[in-house]
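Q: Dropping the sequence and predicted coords here.
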Amino acid sequence: MSALSRRDFLALSTSAAAVGLTAPVRAAMGPNDKYDLVIRGGEVLDPSQSLRARRDIGIRWGVVETVQETIPAERALKSIDASGKLVMPGLIDLHSHVYPYGSAIGIPADELVQFQATTTVVSAGDAGVNNLAALRRFIVAQTRARMYAFVHIANNGLSAFPAAELYNIDVAQTEACAMALAENADFLLGVKVRMSENVIYKHGLEPLKRGIQACEMCGWPAKMMVHIGGVETKELMSQILDLLRPGDVLTHAYSGAPNMSNVFTNIVQDGKLLPAALAAKQRGVMFDVGHGGGSFDFTVAEVAIPGGCTPDTISSDIHVFSGNSPGIPFLPNVMSKFMILGFTLEQVVAMATTAPAKIIDRAPKIGTLQVGAPGDVAIMELVEGPVSFVDTRNNKREGKAYLKPIQTVINGVPFGRPYQAPFAVR
């Protein structure tokens with residue numbers, strides 16, 4: 001057989017590389033092959049499969065290989081005993097602040113894993129056009145947790161916090177924001193804007209209009225994430241809701257924060273749900289919790305939810321200040337609060353897994369334990385017994401159980417040490 005020429009060798013090499021890039025990650029297991037990790041004995045709760053039953057999960061090469069009643073012990077290279085625990089898909093936090101050093105309020109995403117069981121996080125406007133590249137290159141690239149982002153309509157993002165980023169409307173540059181969206185469509189989800197009076201002052205709808213325009217200029221269906229709470233006027237709140245498009249995200253949906261004149265101007269006013277809020281919900285606007293340190297009020301939720309404005313997603317709005325606030329907005333704790341508002345365990349898990357996965361257009365690849373999905377797993381304990389919860393306005397409610405993270409697995413690798421709660425859940 002004649003020797004290969006350099007040109008033939010390069011052609012074959014290129015073809016092999018192309019096959020490697022397109023070939024599926026999974027390959028059939030032989031009878032003597034072992035799983036890299038088996039999570040055994042737990043009660044698997046996976047809303048994406050309508051599954052709640054005792055199952056073993058076998059993970060190989062970072063991917064869920066099997067979910068079955070029993071996996072023989074000799075088939076596992078490593079095991080986690082999840083007996084008596086809940087085993088669910090890794091949680092997805094749609095609203096977090098995970099840009100340390102670039103945003104004034106950011107926490108490293110990997111430091112949150114043991115407290116939140118989050119395997120995917122979304123940076124909610126930490127970066128604007130001017131510091132987006134650094135978020136992507138220096139933070140996302142070295143973070144084990146999967147990260148996506150909404151880019152802030154303000155060029156400087158939240159780097160100047162607590163100074164308001166939109167008092168000067170000139171920093172909201174539509175064309176520059178649209179360009180950032182176009183160049184980062186694999187990483188960005190859309191545009192974030194904070195519409196509170198203490199952020200935008202007297203600019204009314206203009207920041208939101210510029211964000212929507214950037215989304216519509218960028219060449220792909222980018223979404224808005226719109227922060228409310230303390231909007232300037234009651235009328236402006238309805239106008240904001242009327243502008244939102246199907247698929248846009250209304251975050252801090254149950255905020256009770258007043259505006260700068262101490263007037264309550266959110267989706268519940270004078271004890272009644274705004275008609276514009278219900279209309280927005282009915283046309284497909286996504287209602288996100290975004291608890292944070294000042295943005296969740298039981299009394300608002302208790303009117304809005306029975307009125308038809310149920311949450312689509314539960315998120316934490318965790319950052320360096322909210323993490324130390326009395327409401328303890330770590331994601332499992334926020335999920336637990338919604339169980340006392342009438343939602344089942346399956347529903348709150350879905351609102352932190354399958355629902356956000358759909359909003360960020362990554363379903364069914366994440367937020368699931370289906371075979372072939374990344375090996376992202378949250379192991380939790382449902383601690384039963386009397387428990388008190390407090391919102392961000394010091395309203396207290398009593399519950400019967402809360403979720404406690406035990407161990408998180410990202411891409412098939414256990415993350416850090418088993419969780420030990422450093423505080424009493426309230």
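A: Received it, and whenever you're ready, just let me know what you need.

Q: where does the closest residue to residue 149 other than its chain neighbours land on pLDDT?
A: If the residues on either side of it in the chain are set aside, residue 149 comes closest to residue 123, at 4.0 Å by Cβ to Cβ, 6 or more residues apart in numbering. (Glycine included, C-beta is placed from N, CA and C.) Looking at residue 123, its pLDDT reads 98.

Q: Show me what the helix or strand where residue 123 lies pairs with in its sheet, parallel or antiparallel.
A: For residue 123, the host element (DSSP states H and E) is strand 118-124. Here strand 118-124 has these sheet partners by DSSP bridges: strand 91-96 (parallel), strand 146-152 (parallel).

Q: Which positions in the following helix or strand past that strand come out as buried?
A: The element immediately downstream of strand 118-124 (helix or strand, assigned by DSSP H and E) is helix 132-134. Of the residues in helix 132-134, those buried by neighbour count under the rule 16 or more other Cβ atoms under 10 Å are residue 132.

Q: and the closest residue to residue 366 other than its chain neighbours, how far is that from residue 45?
A: Nearest residue to residue 366 in three dimensions, chain neighbours excluded: residue 357, at 5.2 Å (Cβ to Cβ, 6+ apart). Separation of residue 357 from residue 45 (Cβ to Cβ, to the nearest Å) stands at 15 Å.

Q: Would you mind finding the most buried of the strands paired with strand 118-124?
A: Of the strands paired with strand 118-124, the one with the most neighbours on average (mean count of other Cβ atoms under 10 Å) is strand 91-96, at a mean of 31.

Q: Pull the CA coordinates from it and hand them back as CSV.
A: Written as CSV, here are the backbone C-alpha positions of strand 91-96 (Å, rounded to 0.1, in the frame of the first residue of the first chain):
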residue,chain,number,x,y,z
LEU,A,91,-31.6,23.6,39.9
ILE,A,92,-31.6,26.5,37.4
ASP,A,93,-31.6,30.0,38.9
LEU,A,94,-33.1,32.4,36.3
HIS,A,95,-32.2,35.5,38.3
SER,A,96,-28.9,35.7,40.1
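
Q: What lies in contact with it?
A: By Cβ atoms under 8 Å, 6 or more residues apart in numbering, the list of residues contacting strand 91-96 from outside reads 107, 109, 112, 116-124, 225, 249, 251, 288-290, 313, 315-319, 331-332, 352-353, 356-357, 359-360, 366-367, 378.

Q: Check the burial of residue 40 by counting its neighbours.
A: For residue 40, the neighbour count with other Cβ atoms under 10 Å is 20.

Q: Provide the backbone phi and psi angles at it.
A: For residue 40, the backbone dihedrals are phi -120, psi 150 (criterion: degrees, to the nearest 10).

Q: what about the closest residue to it other than its chain neighbours, which SS state?
A: If the residues on either side of it in the chain are set aside, residue 40 comes closest to residue 56, at 4.6 Å by Cβ to Cβ, 6+ apart. For residue 56, the reduced secondary structure class is strand; criterion used: DSSP: H, G, I helix; E, B strand; the rest coil.

Q: circling back to that earlier point, what is the distance between the strand holding residue 123 and the centre of its chain?
A: Its chain's C-alpha centre and that of strand 118-124 lie 5 Å apart, by Cα atoms, centre = their mean, to the nearest Å.

Q: That concludes my questions; thank you for your assistance.
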